[in-house]
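In: kindly return the folded structure for what I paste below:
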Amino acid sequence: MPERTYIVKAKKGSEEFVTVSARNHNIIIDEPVEQGGTDTGMNPVEMLLGSISACLTLTLSIYAEAMGVKAKNIEVTVEGDIDSAGMKGSARVRPGYKKIRVTILAETVVAPEMFQQVVDLAMIRCPVEDSVKNAVEFDEPKIVIHQVKE
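Out: I've put the predicted structure just below:
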């Protein structure tokens, strides 16, 4: 039994973008103009990298504080390589990321070896990075269709 279940909902009305909601917060997700969107927000694959980046940044901050390591200006850059042919239907190419790279920058007064311990701990404790890295299991979707008259 899970300790906690998070719920996030995405909805697309008549506008071109998608609104993603969790608790009392909303994020606009869209595609760049050259991919048919209005560039109102990040696209879904950028948001996935953003989630990894944000989670690692927060996890680094939490464990640095817990370990008594003073660190500031923590910046985590996440890059990912994706081949759009997979999303377009190519049977030879997976639609998801092929490789993801992380770069961590921080200012600290401790020796690099000490900060590396914080990084090592954060990399194994970050739930978003873990979910992506270890291919979390997906249930089959529940589908509810409401047929309406035009």
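
In: below-threshold pLDDT in this structure: ranges please.
Out: Scanning the chain with the threshold set as pLDDT under 70 gives 1.

In: got the residue ranges for the helices in it?
Out: 44-66, 112-125, 127-133 (DSSP state H).

In: can you spell out which helices and strands pack onto the first one?
Out: In other words, helix 44-66. Judged by 3 or more CB pairs under 8 Å, 6 or more residues apart in numbering; DSSP states H and E, helix 44-66 is in contact with strand 25-29, strand 71-82, strand 97-108, helix 112-125, helix 127-133. To be clear about C-beta, it is placed using only N, CA and C from the backbone, and glycine gets the same treatment.

In: now that helix: buried residues?
Out: By neighbour count on 16 or more other CB atoms under 10 Å, the buried set for helix 44-66 is 45, 48-49, 51-53, 55-57, 59-61, 63-64.

In: can you list those residues in a markdown table and add distance to His25?
Out: Output for the buried residues of helix 44-66, formatted as a markdown table (distance: CB to CB, whole Å):
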| residue | distance to His25 |
| --- | --- |
| Val45 | 20 |
| Leu48 | 17 |
| Leu49 | 19 |
| Ser51 | 13 |
| Ile52 | 18 |
| Ser53 | 17 |
| Cys55 | 16 |
| Leu56 | 20 |
| Thr57 | 17 |
| Thr59 | 20 |
| Leu60 | 22 |
| Ser61 | 20 |
| Tyr63 | 25 |
| Ala64 | 25 |
